[in-house]
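Peer 1: Here is a sequence together with a model predicted from it:
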Amino acid sequence: MGKASARRVVATSVRGHARRLAAARRKHYGEILTAREWAPPLAAILLMADDGKFTIKGRPFTWPGLTNYSLRRNLRQIGVETKPDDPAIARCVDHAYRKFGKRMVSRAELGEMLNLTAAERVEFKIWQILPCDETTAERKAWLRKRDAERKANIRRIQGSKPREEWLMKNDLSRTKPWEAEGISRKTWYKRQAKANSQTRGVTGPSVAYSCISTLDTPVTPIADTNVAKGLAENSLVTSVASLPAHEMRIEDRRLAAPHRPAPDTPIAPMVWHAPAIIEIWTLASGTPYPCEYLEAAE
């Protein structure tokens, strides 16, 4: 059992869709299926591939080809009973061999033989057979519309706004506010750009740390950088130092500690800085400074 050829794959899919259409018409419309209506399209479908056994995606299939027995059996599977010696079956088989021979029946021809409408094709999802009441141009237009709706649903799920809602706020080419002001379009855009640049020139209060006091005020670009930096550091140190020691982060403890001397300032012996060491230790850890370290330093 080998892999199915392309003709066998197509023939198997088309036969499955034809069976689905027959079941839908019998169930939804209460239609009584007859051999005169369904024998010719089934004979053309059975003639699409040679008989044999094959596999499609790992599933075994057996294609019977077109014979009197295989046509009667496929009619029975869709609910149409025939007699073993029915001459109409033999005539249908001979007509299919003379008309199609080795040629595969097209999907449009099957749609004409089954009288498939566009509404039935969409409702029952008979995609392998083309409808008889729809032209190629109409079918392409429907496919484009369906593809556009599918992409719009995907964009809506991803959070995009509908075009109508977006145009209400961004449709300057239609509203033309420059005409209401009596200026040209170029001048209007220049004024808008200038106004936006002036608005961006002033920054708001800093929100880097939630513990900064509310005295923090907006900083203008023309302010002295060093002065603004010093004020920010002083307010930060003051607000951080007011926190309990166990609520401070490592960075906050460093800010809360007394300022260290400049790098070029000579450092005195440790014994002269014992009070500062005790204060820093107590502030950072919240525990008294060990006495044995003081004795060792002295």
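Peer 2: It's in.

Peer 1: Please count neighbours and contacts with C-alpha atoms only from this point.
Peer 2: Noted.

Peer 1: Surely Asn74 is in a strand?
Peer 2: No. Assigned with DSSP: H, G, I helix; E, B strand; the rest coil, Asn74 falls outside any strand and is helix.

Peer 1: wait, isn't it in contact with Pro41?
Peer 2: No. Contact criterion CA atoms under 8 Å: Asn74 and Pro41 do not qualify, at 11.1 Å.

Peer 1: Next, show the common contact partners of these two.
Peer 2: Residues touching both Asn74 and Pro41 (CA atoms under 8 Å, 6 or more residues apart in numbering): none.

Peer 1: What segments of the stretch 51-200 of the chain are helices?
Peer 2: Using DSSP state H, counting those that start in this stretch, the helices of the stretch 51-200 of the chain run over 68-77, 87-99, 107-114, 118-124, 136-157, 163-170, 172-175, 177-181, 185-199.

Peer 1: Who are the packing partners of the second one?
Peer 2: Helices and strands touching helix 87-99, as assessed by 3 or more CA pairs under 8 Å, 6 or more residues apart in numbering; DSSP states H and E, comprise helix 35-46, helix 68-77.

Peer 1: Show the contacting residues for Trp178.
Peer 2: Here Trp178 is in contact with Ser184, Arg185, Trp188 (CA under 8 Å, 6+ apart).

Peer 1: Which positions within stretch 123-140 qualify as buried?
Peer 2: Using 16 or more other CA atoms under 10 Å as the test for burial, stretch 123-140 gives Ile126, Gln128, Ile129, Leu130, Pro131, Cys132.

Peer 1: Which pLDDT value belongs to the second one?
Peer 2: The pLDDT attached to Gln128 in the predicted structure is 92.

Peer 1: who are the neighbours in contact with the closest residue to it other than its chain neighbours?
Peer 2: Distances taken as CA to CA, 6 or more residues apart in numbering put Val14 closest to Gln128, at 5.7 Å, once the chain neighbours are dropped. Val14 makes contacts with Ile45, Gln128, Ile129, as judged by CA under 8 Å, 6+ apart.
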